[in-house]
Structures are given as C-alpha cells and as structure tokens.
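Visitor: with the sequence up front, the predicted model follows.
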Amino acid sequence: MAAQIWGSEKRARRRREISAKIAQMPELHDSKPLPFMTREEKIMESARKLTILTEKMGQIIDPTDPAELYHLNNEVLGLEGNPMALHGVMFIPALSAQASDEQQAKWLPRALRREIIGTYAQTELGHGTNLQNLETTATYDLATQEFVLHTPQITALKWWPGNLGKSSNYAVVVAHMIIKAKNYGPHPFMVQLRDEKTHEPLPGITIGDIGPKMAYNIVDNGFLGFNKYRIPRTNLLMRHTKVEADGTYIKPPHAKINYSAMVHVRAYMLTGQAIMLASALNIATRYSSVRRQGQIDKSQPEVKVLEYQTQQHRLFPSIARAYAFQFAGAETVKLYEHVLKEMKSGNVSLMADLHALTSGLKSVVTYQTGEGIEQARMACGGHGYSMASYISEIYGVAIGGCTYEGENMVMLLQLARYLVKSAALVKSGQSSKLGPLVAYLGVKSEPTSLIDRIPNSGFTEYVKTFQHVSKRQTLKAADMFFGLMEKGEKREIAWNKCSVELNRASRLHTRLFIVEAFVRRVNEIADIRIKEALTDLLHLHVNYELLDIASYALEDGFLSASQLDYIRDQVYLYLGKIRPNAVSLLDSWEFSDIELRSVLGRRDGNVYENLFKWAKSSPLNKTDVLSSVTQYLKPMMEKARL
Ligand SMILES: CCCCCCCC/C=C\CCC/C=C/C(=O)SCCNC(=O)CCNC(=O)[C@H](O)C(C)(C)COP(=O)(O)OP(=O)(O)OC[C@H]1O[C@@H](n2cnc3c(N)ncnc32)[C@H](O)[C@@H]1OP(=O)(O)O
Ligand SMILES: Cc1cc2nc3c(=O)[nH]c(=O)nc-3n(C[C@H](O)[C@H](O)[C@H](O)COP(=O)(O)OP(=O)(O)OC[C@H]3O[C@@H](n4cnc5c(N)ncnc54)[C@H](O)[C@@H]3O)c2cc1C
C-alpha cells in the first residue's frame, strides 16, 4: 500500500531508509517538543537543523529528487516551515521557469549551493489577489540601463512573502514594469535585499517580519519597501519577456507565463495537503483504537471509540479523501511537469487547461483537508485540543493553503471562466473542440442514474452521475450568466451576480476529477489484496461524496429518493467494511513518530503515560509556585482574607 501511496516500491523503500537514517541522527531531532518553544527558539532550532542538513543532506537523500527532499523536510524540519521554505518552494522554481539560460547560469548554482537565500515577493499590504493593481513599480531608466524599484505608498509594501522578513537576502520581486511612461503590467525581477557579508538590509530597502500568525510561525513572513532602489536592466527575468537596452519590450508567448511559480506550488501542494490530512487522521485513528469510553452493549466492557459508527463516519470518509487527493495530486504533478517542459520549448497551448485544473483542485483539496483535520481533532475529544495531539498545528498549516497561492473563491472563479467557455462551445454545437478534462460536457447523459440498477458496473454509473451533476450545474450557471448579458447586464456585473452558482460548478467539476483519478488508480492496481482494500475505500468515497452533493442530482430527478437510500446504506456498509483496515490504511503512509510530532498519535499507542510525561515537561511545571501567583494572586487572596 505504501508503494501505491508514494508512487512505487522504490519510493516507499527510500522513504523508509531515509526515516531510519534520520532516527539514528539525534542532532536532527527536535531538542524539545515544538509547542514548548517560543517563536524565536523555534526559528533558531530550525536554522540549526537546516545548516546540519545542508552539510549532511547528501548522506541521507538524493538532493536532486524533490520527493526525497520533501520527505526529509517533513521529518526533520516539520510542517511549521523553516527559514528557507520559500527558497525551495518558489524562489528556485521561479528562477528555473522565468530566468533566461544566462541568468540561470549566474544565479541558480548559487541558490542551489545555498550561497544565497531567496524568496518570492509578490503580495502587498493592499493587494494580493488582484495582481493588476499591485503598486510596486519598476521604472526603466534609459540613461543608466537600470530599473528603479519604488514603493509609492504604505499599501505598496510587499507583505506576506515567506522568509522575506529576516532570512532571505535575495527575492524574486513582482513589480509593475514602466518603460517610457508605459505600464507593461506585473513582471518578476531578481533583487538583492541584504548585504551578502553583513546580512544588513541594503540602502533603499526597508524590511522586517510581519509578526506571529495562526500557524507557520517558524516562517518569517515579511514586509518590504523600496525607496528608489536601483537594479540592473538584466535583473528582469528574461526567459519569456525581454527589455532591450533602448527600452524595446519583447512580449512573452503567453500573457500569464510569468505566473508559473504560482502554478508550480498549486500543482505540488495537493500531495502536501493529502499528507497533512493523512497525518491528522493517523493520529486520530490510532488514538481512537486506544481510547476506550462507554459501552455499545451494556453487558460488555467499554469499547474503543473507533467502534462507534459516528466516529467511523467522522474519520473514514476523510481517509478516502486523503488517498483520493494523493492520487489526484500525483496525476497533476505529472501534467504540470509535462506542461512546463512544453512551455520551455515555446508551446503554451496547455497552460489554460493546467491553470483551470490546478485552480479548482487547490481550492477543493485545501478546503476539504481543513474540514477533515478539524473533524480528526474533535474525534480525539479533549486530548485533541491539547498541543500534545499536534493536530491544531497541522490544521493551522493546512488551512493556510485556502488562502495562499490564490484565495480559494477567486481560484474557483478562474476555473469557472474555463467552464463557461466550454459551455459556450457546447451551446454552439462545437463540443468536438472541448478539451479532454471537459469532454463530458458535450456528452448526452441518460435520463436517470443507473447506480443501483446495473450490478457489477464497477464505478461507471457513479462517474456518470458525477458527470451529470457537474454538467448540469455548469450549463445552468453559464445560462444564468449568458441570460443576464442578453438582458443588457455588463459582462463583469453579470459575472458577479452568478458567481456563487459558477463556483458551485467549479467545485462539482473538481470533485468529479478527483473521483475519476481515484477510479483510474484503482483500475491500474494488479495486487489483489491492495486492490480490494482500495476498492472498499473507493466505494465509501463515491457514495459519501454523492450523498454530500445529492441535492444537485435530486432536483432534476436524476437520482430518486430510493437511490439516495441505497447510497446511504452503501456508506454504512463500507464504514463497517473499512473498520478492520482503518489503522493500517493510515499506517501505510509510514509516518514516523519523529515526523508526526504527536503524543496522542504514537505508533506504540502508549498514550496516557506519555501525556503525563509531556504535561510534566511543561515549562510552567518547572516550579510549584509561579511568580504570577507570588506577585499578584497571592497578595490578592491575602488582601481578601483581611
Ligand atoms: C516541491 C514543492 C512542494 C510544494 C509544497 C507546497 C507547500 C507550500 C507551503 C507554503 C508556501 C506558501 C507560499 C505562498 C506563496 C504565495 O502565496 S505567492 C502569491 C500568490 N498569489 C496569488 O496566487 C494571487 C492570485 N491571483 C492571481 O493568480 C491572478 O491575479 C488572477 C486571479 C489569476 C487574475 O490575474 P490577472 O488579473 O492577471 O488576470 P486577468 O487579466 O483577469 O486574466 C484572466 C485570464 O488569464 C488566465 N490566467 C490567469 N492565470 C493564469 C495562469 N497561471 N496560466 C494560464 N492562464 C492564466 C485566466 O485563465 C483568464 O483567461 P481567460 O481570459 O481566457 O478566461
Ligand atoms: C501562510 C501564507 C503564506 C504566504 N506566502 C506568500 C509568499 O511567499 N509570497 C507572496 O507574495 N504572498 C504570500 N502570501 C499571500 C497570499 O498569496 C495572499 O494572501 C493570497 O493570494 C490572498 O490575497 P489577499 O490577501 O489579497 O486576499 P483578498 O483578495 O483581500 O481576499 C479577501 C476576500 O475577498 C475575496 N475576493 C477578492 N477578490 C475577489 C474577486 N475578484 N472575486 C470574488 N471574491 C474576491 C476573497 O475571496 C476573500 O474572501 C501568503 C499568505 C499566507 C496566508
């Protein structure tokens, strides 16, 4: 099963080898539990481990393999980020995709050797979503052949970029490029921020940390202002766009090609989200099979809480989602790598499809991951609320994904633009022009679902039902939009008035893709036992998801009330079938105790003794009487007694 999760036997074996090596290297372990550290201590601890990793990484992993790097990162540095998180996640990908060969030769080796630390600085205090209204300017000075970076007002301060505040000395900065008074829109520039020897900010740069956040507090998300700060013309990233010495602008082959670093993260973050969901579920499910509370049959002893159907219903559909996200994420990464290769050789025709797909997936996956992790926390009762479970940290980190790389509603609306264009093709009789991801929009469906009518139909009837609801909602939202415009409404106003319906279509389309990716994967599996376990999980997934969106299928009679009862029964049937495999389905992800960082989710199940040990190690317990008591509470009580 680990091979299915991680992509191959070899990958699963490598993960195990890497975890085993890390287990033997105490210098790479947290020196004390992270929740007991201050933010400064955590950053220091992370930087300490990061420098050891830089020295020893080659002994542990193949540093050129992103999957091995990601695993090493999760085990040693953890989810809360690190002082170089953005260096690998966005700075290097931005340089790789957007810098010319000559620029790459100059900067990439230095970045890869970690001689310099970089980040991706795009979002500002006043604007994050609407890139067209970013306010930082890069004005070309023809006389000196330099760009002058400037922050005209407070809202133009860069705000949020990870590791910008304290750790990075370089950044890819996105600014509006102005040449001879003409604004060419946002473009990426390589900018040195700090002196390489002293790490002091360079003259003309104002920089710092934006303060503590809901989670991710090891990352120094920062602010950045420029006061007429000059950089050479050749620091504009020039793989696709060029500015010649005389100010001549050569436009890129696709208007949005400079957005590729964002698409990179949107594609890769899906499996990251799956891992976080599976981690929280692993903790909750293991704990639920240790925790005994109450009886189902009063004549019997107390049961493990995992025996309760409500507990299973709370956890198991999310287990199915974690697998589904991992499989859909793996497919998306493959597609991304393919499109990136094509883009590098000048073919930009697949960019729109990739953008639409990653926009929808990013939104649905992060939202459902957040939901699943929060349910996992509640499933652990009181102990879930303790930082000893570590679930709250996982939650805080995961839901950051609902916001970064494009706020979820906004990204769903990006997918909706693609769906509406596709609907227009269907309406104008040009279904043959539909791309493969939306081809179903042009296919006539049966009048009713055959879900419970065709025995042994595999998952075909389910997929058809998901296709039906997605198609119907897409055409309905598109009709609403076109109808408003026919009545004379301006395009943008009509769009806004339909946007809730449009986003519903985007979610349904994305959920269909996730179901299809799960079905594709299960169909590929040769090992009978693995196939059986995953088929059970897939049954739970399709029935649970369909129940969740049933109103769309009920409203036009595609599903009947009796079919809904059938689907509900299937959910209960598969909850029961999955119960014996539940812990194993999560243990198959092979998270080590070091990686999980959870007292509650320990592999050995020795929860209570370790919770007590954890509590005793709280800094508050270093002394029996705190100074808050001697200074304030004790005098207060004494005064009251007089
Ligand atoms: C190994 C890696 C492991 C990764 C693990 C991940 C963990 C990471 C953990 C933490 C890191 C956090 C890092 C966070 C970083 C950031 O958040 S960086 C900042 C991100 N910011 C955003 O995402 C901003 C969101 N806004 C936008 O993207 C855009 O503004 C927009 C909403 C898309 C609109 O853009 P714009 O105003 O320029 O667009 P319009 O002029 O309206 O045109 C829209 C048309 O353009 C098409 N389009 C847009 N984007 C793209 C694209 N990327 N590719 C192709 N086409 C694109 C769009 O489809 C419209 O086309 P149409 O007109 O034909 O419909
Ligand atoms: C943990 C974290 C890490 C980050 N790291 C980085 C980084 O490294 N580099 C970087 O540059 N940035 C980074 N960011 C910033 C992030 O990319 C932005 O916050 C994000 O893109 C959302 O933009 P915003 O803050 O402007 O939200 P807003 O756009 O202000 O969103 C507020 C509300 O308005 C709605 N809204 C906005 N526009 C529309 C619209 N057109 N239609 C409908 N609704 C709309 C949204 O849906 C939302 O409900 C990070 C953010 C976080 C939380």
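Guide: Perfect, thanks for sending it. Ligands and ions are numbered 1, 2, ... in the order given.

Visitor: from here on, contacts and neighbour counts on C-alpha atoms
Guide: Fine.

Visitor: next, residue 224: phi, psi?
Guide: The phi and psi values for residue 224, taken as degrees, to the nearest 10, are phi -160, psi 130.

Visitor: what is the burial count for it?
Guide: Around residue 224 sit 24 other residues, with neighbours defined as other CA atoms under 10 Å.

Visitor: next up, the contacts around it.
Guide: Residue 224 makes contact with 157-159, 164-165, 205-208, according to CA atoms under 8 Å, 6 or more residues apart in numbering.

Visitor: determine which two of these are furthest apart.
Guide: Looking at the contacts of residue 224 by CA to CA, the two members farthest from one another are 159 and 205, with 13.7 Å of separation.

Visitor: which among the contacts of residue 224 end up buried?
Guide: Neighbour counting by 16 or more other CA atoms under 10 Å classes 157-159, 164-165, 205, 207-208 among the contacts of residue 224 as buried.

Visitor: these: which ones sit near ligand 1?
Guide: Taking CA under 6 Å from any ligand atom, there is no overlap between these and the neighbourhood of ligand 1.

Visitor: out of the contacts of residue 224, which sit inside strands?
Guide: Using DSSP state E, the subset of the contacts of residue 224 located in strands is 158-159, 205-208.

Visitor: would you list those residues in TSV and tack on pLDDT and distance to residue 500?
Guide: TSV is the format used below for these (pLDDT from 0 to 100; distance: CA to CA, whole Å):
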residue	pLDDT	distance to residue 500
158	98	31
159	98	29
205	98	42
206	98	40
207	98	39
208	98	38
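
Visitor: flag every residue of the stretch 301-450 of the chain that's near ligand 1.
Guide: Residues of the stretch 301-450 of the chain lying near ligand 1 by CA under 6 Å from any ligand atom: 351-352, 355, 404-406, 414, 417-418.

Visitor: try 5 Å this time
Guide: For the stretch 301-450 of the chain, the residues found near ligand 1 under the criterion CA under 5 Å from any ligand atom are 351-352, 355, 404-406, 417.

Visitor: cool, the chain as well?
Guide: Contact residues of the chain with respect to ligand 1, defined by CA under 5 Å from any ligand atom, are listed as 89, 129-131, 259, 268-269, 351-352, 355, 404-406, 417.

Visitor: what about ligand 2: which of those touch it?
Guide: Those of the residues of the chain next to ligand 1 which are also neighbours of ligand 2 are 129, 404-406, as judged by CA under 5 Å from any ligand atom.

Visitor: quick check: residue 273 touching residue 367?
Guide: No: the criterion here is CA atoms under 8 Å, and residue 273 misses it with residue 367 at 9.8 Å.

Visitor: and those two? Which one has more around it.
Guide: Counting neighbours by other CA under 10 Å for residue 273 and for residue 367 shows that residue 273 has the greater number, 27 against 19.

Visitor: and the more buried one, how far from residue 480?
Guide: When CA to CA, to the nearest Å is applied, the distance between residue 273 and residue 480 equals 34 Å.

Visitor: output the contacting helices and strands for the helix or strand in which residue 109 is found.
Guide: For residue 109, the host element (DSSP states H and E) is helix 101-112. Using 3 or more CA pairs under 8 Å, 6 or more residues apart in numbering; DSSP states H and E as the contact criterion, the secondary-structure elements in contact with helix 101-112 are helix 92-98.

Visitor: near ligand 2 at all, the helix it packs on?
Guide: No: where contact is defined by CA under 5 Å from any ligand atom, no part of helix 92-98 touches ligand 2; the two come within 11.7 Å at best.

Visitor: quick check: mean pLDDT across that helix?
Guide: For helix 92-98, mean pLDDT is 95.

Visitor: can you give me how far that helix is from the chain middle?
Guide: 19 Å (CA atoms, centre = their mean, to the nearest Å).

Visitor: check which helices and strands it is in contact with.
Guide: Applying 3+ CA pairs under 8 Å, 6+ apart, one finds that helix 92-98 contacts helix 101-112, helix 260-288.

Visitor: quick one: buried residues of the helix or strand following the last one?
Guide: Towards the C-terminus, the helix or strand next in line after helix 260-288, according to DSSP H and E, is helix 309-344. Of the residues in helix 309-344, those scored as buried under the neighbour-count criterion (16+ other CA under 10 Å) are 311-330, 332-333, 335-336, 339-340, 343.

Visitor: for stretch 380-396, list the C-alpha coordinates in CSV.
Guide: Below are the C-alpha coordinates for stretch 380-396, written out as CSV (Å, rounded to 0.1, in the frame of the first residue of the first chain):
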residue,chain,number,x,y,z
CYS,A,380,-9.9,13.0,19.9
GLY,A,381,-12.1,14.7,22.4
GLY,A,382,-10.3,16.8,25.0
HIS,A,383,-6.9,15.5,24.2
GLY,A,384,-7.3,16.6,20.6
TYR,A,385,-7.5,20.2,21.8
SER,A,386,-4.1,19.8,23.5
MET,A,387,-1.0,20.7,21.5
ALA,A,388,0.2,17.2,22.6
SER,A,389,-2.0,15.9,19.7
TYR,A,390,-0.2,18.4,17.3
ILE,A,391,-3.5,18.3,15.3
SER,A,392,-4.1,22.0,15.8
GLU,A,393,-0.7,22.9,14.3
ILE,A,394,-1.4,20.6,11.3
TYR,A,395,-4.8,22.3,10.9
GLY,A,396,-3.3,25.8,11.1
